[in-house]
Structure formats: C-alpha cells, structure tokens
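quick check, what structure comes out for this input:
(chains A and B)
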Amino acid sequence: MDELAIAARDKCAIAGIGVTEFMKDSRRSVLSLATEASLAALEDAGLRPEDVDGIVRCPHDQITHNDLASSLGIPDLTYWGEVGPGGVGPCAQVGQAMAAIMGGLATTVLVFRSLNGRSEDRFGQGGHMTKSAPVVGGRATYDEYFLPFGLMTAGQTFALMTQSHMNKFGTTSEQLGHIAIVCREYANHNPRAQMGDRTLTMEDYLSSRMISSPLRLFDFCLETDGAAAVIVTTTERAKNLRQKPVLIRAQAGGCPPDMRGGMMFPIVMRDDPTEIGGKKAGETLYRKAGIGPDEIDVAQIYDCFTISILLQLEAYGFCKKGEGGPFAASGALRPGGSLPINTGGGHLSEGYIHGMGHVVEAARQMRGESSYQIEGAETCLVTGGPLPTGSALMLRRA
Amino acid sequence: MADRVLPRKGDRDTGAFFEAADRRELVYKACDDCGTVINPPRARCAKCGGWNTSWKQSAGKARLNTWSVVHQQVHPLFPAPYTIVVVELDDAPGIRYVGYMDGAHDLHEGMAMRVRFEPTEDGGALPQWMPDNAE
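A predicted model of the protein is given here:
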C-alpha cells in the first residue's frame, strides 16, 4: 500500500530557501514580502524566475499564484495549487509540490507563505471577524456557535484545550514555561529571531500577564510581518544547483479520531480536544519515511502556542499521552538534549510565518547551516498546525 | 456599532438551533435511526449513513468540561475579564456548547451548569450557561 510513497522517498528535494526579515511593521505589501522571499530562495538555489513552473500557496495567503508569478516574472506556470488551512499548510504544501513533480505536472515548484501578521492582519485580534457588522457565521463556518459567545481567537481556543489537558493530566504552567524557555534559548543564538537578544527565565514566564487562562503572554507566539519560501525540485536536478539538496523523505497528513467540521473553534466540541490530527499524521509519516521518532535528530514543531508543542510531543510519539508536560520539563528539548526542537526559536521566539519558517529552519539543519546547528543531524521532522487536521514532513540530509 | 455579536440566522444546517433559542428552547441534532448525536449539526449521520436526523429537546442541564478566563480584550463588545465555558449536556452526552459568563469565575471540571436564555435586541435569545446553584 505504501509502494508509491516508498518509491518517492528522497526523489525530490528542497533546493533553495529564502526569508525576509521578521518584523513588527514591514511597511511593505504582502506581495512585496512574498516576492522578496521567493527571489531569495531562487537566488539561494541558483535559479531564475523563468525556471519556476509551479507554485503552491496557502489558502490563508493574500497572494495568489498569478499575483506572485506576475511579480516575479514567471512566464510559463504549468501547475498551481493550494493546501491548508493556515498552519497545516507548509508541510502539506511541500508535499503537494513533491506530488506535482512526481506526477509530471511541474519540475520546479515555489512554495511560499507571506503575511503582515502584526501590522495589518493580527490573528490575535480575531482578525477574520469584522467589528462593524457583527452578524457572524453560517455556511459551514460554524462561527455562529462561537463568536457570539466570546470565543474569538486561536489563543482562546488553545486556552480551552490547555485547561482540558490540565484537567485530565495535571499539566502545569511551569511545564508550559519550560517550552517557552527552550524556544527562547535557541532564539538567543539566532540573529534573525525577533527575541534573539532577550532572555527568558521561569520567573519572567510565571510573572507574565495572563491573556486567556491558563495561557500567559509567553505561551503565545509572535505576531509577525514577513515571508518565507522554498524551492522544490527533483533531487537529480537539485544536485546540479548551488546548494546541497535537502531530501524530502516523506510527507503525510492526518485527522483526529473525532473530527468535526469547521476550521478551529469546533475542536472544543470534540469528545477529547487534546487529541489532534498529528497522531495519525505522525504514524503515516513514519511508515512512509521508514524513519520513526527514535531516529529523529532534530524537530521543528509547529508552535502557535506552547501547548501546541506539548500536544504534538505526545501525538508524534516522543512521549506517552498525558506525559507531554513532564517530558517538556525533563530538559530533553533544550540545547544538548535528546530532542532539540525549533532550533531557530520557532513561532514563539523567532517569528510567526504560519509554519513556513519551520520548513526553512529544517532545511538549514539538513544543510548544516542553522544558527544552532545540531552536530551530525541527518533527519529532521517538521510539523504543521494542529487544527483542524495535522500535517508533517520528514527531511533528510543528502 | 451594534450592541451584540449575533449568530447568522437561517443557515440550512445550523439555523434551527438559533431559532429554537429565540423561542427559549435548547435543542441538539441527533440521528433518528441510530441515536448518534451530531455537533456541529448537519443532515447526515456518518455513523449509520442515514439522513434521518432531527432536532431534539434538551432539558438544559450540563456539566462543565473546560473554560478560560479572558483577561486580554480582543473585541469592543466583549470587555475583559469574561469567562468562556464549554459544557456537555446531561441528556445528550457528546453534545458540547460554548457559553459566555461576564467576569472571572472560579470553576472546576464537572460542575453542574444550566442554560439561561439571554435576550437579544432583535427579540431573540442566546443560550448561555451558568452554575446550577446560582440565582
């Protein structure tokens, strides 16, 4: 059943990576950011816009394939696609690029995410909801069950999930604090990280203001203006380009055991809101990759909030269900630990590019170029946003 | 600005829930053939594959499942602090609804809750939840 996935192992590669600066106010359009990151990825690969024949976007992006092709001057796009939603995108976008290449639909695919997530569209402000015409929901959004009752943001949704995990397993704020601190420790080595020069102690964490209990300020990621892009092509072709190829071992999506409709809020209607799609995504990924959690040298774990990492540590098999808190507090995730994560600082301390920054940092690790390089690292797991479904990607050093 | 964030009425899958609330009734969707509860509501039961689903009345008693006290305001119509509660119906296990409580509350998992219908300016009502021993 996995023959095609096994045959596709390492056949495609990330040949180039590019990012803009991560910042609070870009003073530029999202199209400009997408263009800049894409040009940087092409330059990194030693390619020109006319070499690109495919684009995969995230449905949350303002920028469409034709916007970006027009801005870059891509003359002949033969394939475009989109996959998401939101943070589920990046790993799945790389997977879709790989599928397009393996299927002969394109040869060189640009995968990107761009947003003015701080200066224009702040998700933390319930950005999808207009404040002047407050009749909400309908037509399979299910927002009508949530927004009129004050549940408006991702932070509040994950707060409800966190309280549920605390109720069930006795998870503590200190355990979440360890996750925030670990990401900050890595960011402190990363000159691109927005929190690069600011340290974080447990005292800082515990005294930070409560935003939506039990989540505090430092449980939240950094709303960011910026963009990130990668170029996917065949490994054969990538070998003749400027950088060492980063092999795409496998990609998989997965659904939670009790999936509901809608985007994010209906998770709280599930029988167990602490069960996420990452569990199935991980099982499928490990099977298709032939690489299990014990063989992963470094991981880039989607971190819209600290709890997102904790839930995924459990879902992706690094610890047992309910033991994410003690595992996070054990030091395993810290520099020098057995499972280094988010080695650029992640969303929590580098910048929130909706998961695409995680793909870029994973590629850096597999090229030996991270600001906190894990010595001898050969495999890197990347995960996507935990709601409503999961997505994951396994990269390997060439 | 209006005084309240209101649910869109008339949706073909969810509208009946809010129309019932306007009549001060709490309802939930379930399959007539196999009894499976369906939330968010839709027409088909994925468990047995049937389309014979309908709205049932609930007595409006529930248990608190999870909650969050919102300290940072994100919307002008929802000044902080307030509390978001998620409850599970006593008479329809598996059906969970979200409610709003003004202010910060000291809550615990499993506490008894009951529905109250909060009048809206359009003459309707929103089903909200409160501890069962209050008032």
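
under the pLDDT cut-off, which ranges of chain A? List them.
By pLDDT under 70, the low-scoring segments of chain A are A:127-133.

mind doing that once more with 80?
Along chain A, the parts satisfying pLDDT under 80 run over A:1, A:125-133.

centroid residue for it?
The centre of chain A sits closest to A:G355, judged by CA atoms, centre = their mean, with a distance of 2.2 Å.

which residues touch that residue?
The contact partners of A:G355, taken as CB atoms under 8 Å, 6 or more residues apart in numbering or on different chains, are A:G86, A:G87, A:V88, A:G89, A:P90, A:C91, A:R113, A:Y302, A:G384, A:G385. Using the backbone N, CA and C atoms, a C-beta is placed for each residue, glycine as well.

try it again with 7 Å
Counting by CB atoms under 7 Å, 6 or more residues apart in numbering or on different chains, A:G355 makes contact with A:G87, A:G89, A:P90, A:Y302, A:G384, A:G385.

how about A:K280?
A:K280 neighbours (CB under 7 Å, 6+ apart): A:G254, A:C255, A:G390.

show me the beta-bridge partners of the nearest residue to A:S213 once chain neighbours are set aside.
Counting by CB to CB, 6 or more residues apart in numbering or on different chains, A:S213 lies nearest to B:V69, which is 4.2 Å off, once chain neighbours are set aside. Residues in a beta bridge with B:V69, per DSSP bridges, are B:T83.

just give me the neighbour total for B:V69.
By other CB atoms under 10 Å in any protein chain shown, 21 other residues sit near B:V69.

just checking, it touches B:V85?
No - B:V69 is beyond contact range of B:V85, at 10.1 Å (criterion: CB atoms under 7 Å).

can you redo the contacts of A:G355 as JSON lines with distance to A:G261 and neighbour count?
Shown next, in JSON lines, are the contacts of A:G355 (distance: CB to CB, whole Å; neighbours: other CB atoms under 10 Å in any protein chain shown):
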{"residue": "A:G87", "distance to A:G261": "18", "neighbour count": "29"}
{"residue": "A:G89", "distance to A:G261": "19", "neighbour count": "29"}
{"residue": "A:P90", "distance to A:G261": "23", "neighbour count": "35"}
{"residue": "A:Y302", "distance to A:G261": "22", "neighbour count": "29"}
{"residue": "A:G384", "distance to A:G261": "19", "neighbour count": "36"}
{"residue": "A:G385", "distance to A:G261": "17", "neighbour count": "30"}
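
quick one: name the residues of chain B near chain A.
B:1-2, B:4-8, B:11, B:14, B:18, B:39-40, B:66-72, B:74-78, B:82, B:84, B:86, B:94, B:96, B:98-100, B:109, B:126 (CB under 7 Å from any CB of the partner chain).

which among the residues you listed end up buried?
For those, a neighbour count by 16 or more other CB atoms under 10 Å in any protein chain shown gives the buried set as B:5-8, B:11, B:14, B:18, B:39-40, B:66-72, B:74-75, B:78, B:82, B:84, B:86, B:94, B:96, B:98-100, B:126.

and A:E283, how far from A:C380?
Computed as CB to CB, to the nearest Å, the A:E283 to A:C380 distance reads 18 Å.

what is the nearest of the contacts of A:G355 to A:G262?
A:G385 (14.3 Å; CB to CB).

now do the SS call for the nearest residue to that closest one once chain neighbours are set aside.
Once flanking residues are discounted, A:G385 sits nearest to A:G87: 2.4 Å by CB to CB, 6+ apart. On the three-state scheme (DSSP: H, G, I helix; E, B strand; the rest coil), A:G87 is labelled helix.

pretty sure A:G87 is touching A:Y302, no?
Yes - at 5.5 Å, A:G87 counts as touching A:Y302 under the criterion of CB under 7 Å.

center of chain B - which residue?
Most central in chain B (CA atoms, centre = their mean) works out to B:Y97, at 3.6 Å.

for it, give the beta-bridge partners.
B:V87.

and the helices in chain B?
B:15-22 (DSSP state H).

scratch that, chain A is what I was asking about
Using DSSP H, helices in chain A cover A:3-8, A:30-45, A:65-72, A:89-102, A:154-169, A:173-187, A:202-207, A:235-238, A:278-289, A:306-315, A:324-329, A:346-349, A:356-367.

hang on, the earlier thing: so what sits against both of A:G87 and A:Y302?
With CB under 7 Å, 6+ apart as the test, A:G87 and A:Y302 both reach A:G355, A:G384, A:G385.

surely A:T108 touches A:D53?
Yes - at 5.8 Å, A:T108 and A:D53 qualify as touching, with contact defined as CB under 7 Å.

tally of neighbours for A:S119?
A:S119, neighbours per other CB under 10 Å, totals 16.

which residues does the nearest residue in space to it that is not next to it in sequence contact?
Leaving aside its chain neighbours, A:S119 sits nearest to A:D25 (4.2 Å; criterion: CB to CB, 6+ apart). The neighbourhood of A:D25, defined by CB under 7 Å, 6+ apart, consists of A:R118, A:S119, A:D225.

repeat for A:N188
Applying CB under 7 Å, 6+ apart, the residues contacting A:N188 are A:G196, A:T199.
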